[in-house]
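Trainee: Sequence plus predicted model, see below.
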Amino acid sequence: MRNIIAIPLLALAVILQSTLVSQFSLLAGFADLILVMLAAWALQKGVTTAFQWAFLASIMISTVSHLPWIVNLAGYFGVVLLAVLLQYRVWQAPLLAMFTVTFLGTLFMHLLSFLYLRFSGDPLPFGDSMGLITLPSLLLNLLLSIPMYGLMRDLAGWVFPVQEQP
Amino acid sequence: MKDLFSRSLQTTIIFLIVGGILALAFGGYFSSVSNRLTGGLVSAQDWFAVRYQAIQQFLSAPRDIITLRARNAELESEISQLQTQVIDLQQRVSQTEILAALVDFSRANPESSYKAASVIGRDPSPFLHYIIINRGSNDGILRGMPVVTNQGLVGRIDAVIADAARVQLITDPASTVNVHLKDANTDAVLLGSVTGDISLDMISQDAAVQGGDLILTSGLGGGYPPDLIVGQVINVRKLDYELFQQATVQSAVDFSRLDIVLVITNFRAVDITPLLPTPSP
């Protein structure tokens, strides 16, 4: 039942992303709060609803973004899938897993956005997109990933409390 | 009788002595003595007063500190309230200034009708340059309507819902605007970019374009009304082997500080796509 927290939390994240986070740009890039949140959530122990969160997030973000929801959905599903795959392989170093998922997830998300916009006719030069948007966004996402991992760990502890053995 | 005389004499002598002393004192002859005397008295009184005040403060201090702390808390609370009010008023002044400028703009351009809207968000994707405004179809906003500020052209409505709309800025990489260079009397195409810079392309090689030339919308293509200010030419790139000249542009609008915009509601964009010739197979 506590999973319902996803709805207000993701709505708040989308609002913050649209109003606040997108204002703090480095060159032409800015952080992706939702991507980092999903990565951090999917890496928590006991979390089984990461894909549902990704679906909900992609629907919500599509209400404010010009990008079609399917691009966001594919990107966020890719991030969650990567996190799920890495969760048990790098379980002794959760922050390392968080950095890896954030790094690869950002690249994947930007690649999808870039390819969609290129195929829809936008004249996006690859070099400029990589140097002025993707790399600065990557840096900001990595910086954001540390506090976000802590927040999501606390949230996961609240949503999925550990049952102590009698 | 003799005693009475001697007493009267003594009294008289005493009066005379006292009177003489007073006369000397009023005459200033005892000033050094009186100064020393009064100085000593004042010093003594001062010494006692300082000690007394210190003791009084020591005895009454706890009560005063509590009172002062309470008063301090009250004043701090009042200061924070006043600071909030100041910030609120500053915001209102800023908004009023913007609105006043927009009203001036709409008065100066009475041929169009406008609907003011606040910018409430931006596109979450860094690849796109779109803003969200708080006016939608309930306010008569339609897709394709141009969006301006008192400084110049901002973009056009890309999507509309009941109470909000998304605006494609002229800085978006997919944005193209047909423009007219007033001084050079030639047409060109304004293009956005991923960095948010705008540039001109398709300028005829024969046109004499210079830095500082004013750029206005031409109205060609039906996407925007004519004669909206877009910006100024910064510098021109002219290469003999290219078909057209290019130029970098300084936008008239500061896109990083868009708070309130005007939607031109009496303009209907014309979709000329069906009229464009398609290449035959």
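Mentor: Alright, I've got the coordinates. Residues are numbered from 1 along each chain as shown, chains lettered A, B, ... in the order given.

Trainee: Look up the pLDDT of the residue nearest the centre of chain A for me, please.
Mentor: By CA atoms, centre = their mean, chain A has its centre lying nearest to A:Leu35, at 1.1 Å. Per-residue pLDDT puts A:Leu35 at 94.

Trainee: Okay, and it sits in which element?
Mentor: helix A:33-42 (DSSP states H and E).

Trainee: Residues contacting that helix, please?
Mentor: Contact partners of helix A:33-42, identified using CB atoms under 8 Å, 6 or more residues apart in numbering or on different chains, comprise A:9-10, A:13-14, A:16-17, A:21, A:47, A:50, A:53-54, A:57, A:61, A:75-76, A:79-80, A:82-84, A:87, A:98, A:101-102, A:105-106, A:109, A:141, A:144-145, A:148-149, A:151-153, A:155-156, B:124. For glycine as for every other residue, the C-beta is placed from the backbone atoms N, C-alpha and C.

Trainee: Chain B contacts on chain A?
Mentor: A:14-15, A:17-19, A:21-23, A:25, A:27-30, A:32, A:34, A:61, A:64-67, A:110, A:113-114, A:117, A:120-125, A:128-129, A:132-133, A:137 (CB under 8 Å from any CB of the partner chain).

Trainee: Type out the PyMOL command that picks the buried ones from those.
Mentor: Entered in PyMOL, the line below selects the buried ones among the residues of chain A next to chain B, by 16 or more other CB atoms under 10 Å in any protein chain shown:
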select buried, chain A and resi 14+15+17+18+21+22+25+27+28+29+30+32+34+61+64+65+66+67+110+113+114+117+122+124+128+129+132+133+137
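
Trainee: Now, the residues of chain A next to chain B that are in helices?
Mentor: A:14-15, A:17-19, A:34, A:61, A:110, A:113-114, A:117, A:128, A:137 (DSSP state H).

Trainee: of those, closest to chain B?
Mentor: A:Ser18 (3.6 Å; CB to the nearest CB).

Trainee: Setting aside sequence neighbours, what's the nearest residue to the closest one?
Mentor: Closest residue to A:Ser18 apart from its sequence neighbours, by CB to CB, 6 or more residues apart in numbering or on different chains: B:Gly121 at 3.6 Å.

Trainee: Around chain A, which positions in the stretch 51-200 of chain B sit nearby?
Mentor: B:120-128, B:130, B:132, B:158-159, B:166, B:168, B:173-174, B:191, B:193-196.

Trainee: where along the stretch 51-200 of chain B do the strands fall?
Mentor: Assigned by DSSP state E, counting those that start in this stretch, the stretch 51-200 of chain B shows strands spanning B:114-122, B:130-133, B:146-148, B:153-160, B:165-169, B:176-181, B:186-191, B:198-204.

Trainee: Adjacent strands (with direction) for the fifth one?
Mentor: This points to strand B:165-169. Paired strands of strand B:165-169, with direction, are strand B:130-133 (antiparallel), strand B:153-160 (antiparallel) (DSSP bridges).

Trainee: so what's B:Ile157 up against?
Mentor: B:141-145, B:147, B:165-168, B:263.

Trainee: Make JSON lines out of those residues and add pLDDT, distance to A:Arg2 and neighbour count.
Mentor: Putting the contacts of B:Ile157 into JSON lines (pLDDT from 0 to 100; distance: CB to CB, whole Å; neighbours: other CB atoms under 10 Å in any protein chain shown) gives the following:
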{"residue": "B:Ile141", "pLDDT": "91", "distance to A:Arg2": "40", "neighbour count": "23"}
{"residue": "B:Leu142", "pLDDT": "90", "distance to A:Arg2": "43", "neighbour count": "15"}
{"residue": "B:Arg143", "pLDDT": "89", "distance to A:Arg2": "41", "neighbour count": "15"}
{"residue": "B:Gly144", "pLDDT": "89", "distance to A:Arg2": "45", "neighbour count": "16"}
{"residue": "B:Met145", "pLDDT": "91", "distance to A:Arg2": "44", "neighbour count": "21"}
{"residue": "B:Val147", "pLDDT": "93", "distance to A:Arg2": "43", "neighbour count": "29"}
{"residue": "B:Ala165", "pLDDT": "92", "distance to A:Arg2": "36", "neighbour count": "25"}
{"residue": "B:Arg166", "pLDDT": "92", "distance to A:Arg2": "34", "neighbour count": "24"}
{"residue": "B:Val167", "pLDDT": "93", "distance to A:Arg2": "38", "neighbour count": "27"}
{"residue": "B:Gln168", "pLDDT": "93", "distance to A:Arg2": "40", "neighbour count": "22"}
{"residue": "B:Val263", "pLDDT": "91", "distance to A:Arg2": "43", "neighbour count": "26"}
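
Trainee: For those residues, please prepare JSON lines with the additional fields distance to B:Ile55.
Mentor: Below are the contacts of B:Ile157 laid out as JSON lines (distance: CB to CB, whole Å):
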{"residue": "B:Ile141", "distance to B:Ile55": "77"}
{"residue": "B:Leu142", "distance to B:Ile55": "83"}
{"residue": "B:Arg143", "distance to B:Ile55": "83"}
{"residue": "B:Gly144", "distance to B:Ile55": "85"}
{"residue": "B:Met145", "distance to B:Ile55": "80"}
{"residue": "B:Val147", "distance to B:Ile55": "75"}
{"residue": "B:Ala165", "distance to B:Ile55": "75"}
{"residue": "B:Arg166", "distance to B:Ile55": "75"}
{"residue": "B:Val167", "distance to B:Ile55": "74"}
{"residue": "B:Gln168", "distance to B:Ile55": "79"}
{"residue": "B:Val263", "distance to B:Ile55": "76"}
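
Trainee: Among the residues you listed, which one lies nearest to B:Ser113?
Mentor: Proximity of those to B:Ser113 was ranked by CB to CB; the top entry is B:Val263 with 9.6 Å.

Trainee: low-scoring stretches of the chain, by residue?
Mentor: If you meant another chain, say so; for now it's chain A. A:1, A:90-91, A:162-166 (pLDDT under 70).

Trainee: nope, chain B
Mentor: In chain B, residues with pLDDT under 70: B:1-4, B:60-63, B:279-281.

Trainee: for chain B, which helix is longest?
Mentor: helix B:31-108.

Trainee: quick check: angle from it to strand B:114-122?
Mentor: 110 degrees (axes from the mean of the first three to the mean of the last three CA atoms, to 10 degrees).

Trainee: Need the residue closest to the centroid of chain B.
Mentor: Centre-nearest of chain B using CA atoms, centre = their mean is B:Ser94, 5.7 Å out.

Trainee: List the contacts of the residue of chain B found nearest chain A.
Mentor: Nearest residue of chain B to chain A (CB to the nearest CB) works out as B:Gly121 at 3.6 Å. Counting by CB under 8 Å, 6+ apart, B:Gly121 makes contact with A:15, A:18-19, A:22, A:64, B:131-132.

Trainee: what's the spacing between it and B:Ile229?
Mentor: Distance, B:Gly121 to B:Ile229, by CB to CB, to the nearest Å: 26 Å.

Trainee: Could you do A:Thr49 as well?
Mentor: From A:Thr49 to B:Ile229 the distance is 51 Å (CB to CB).
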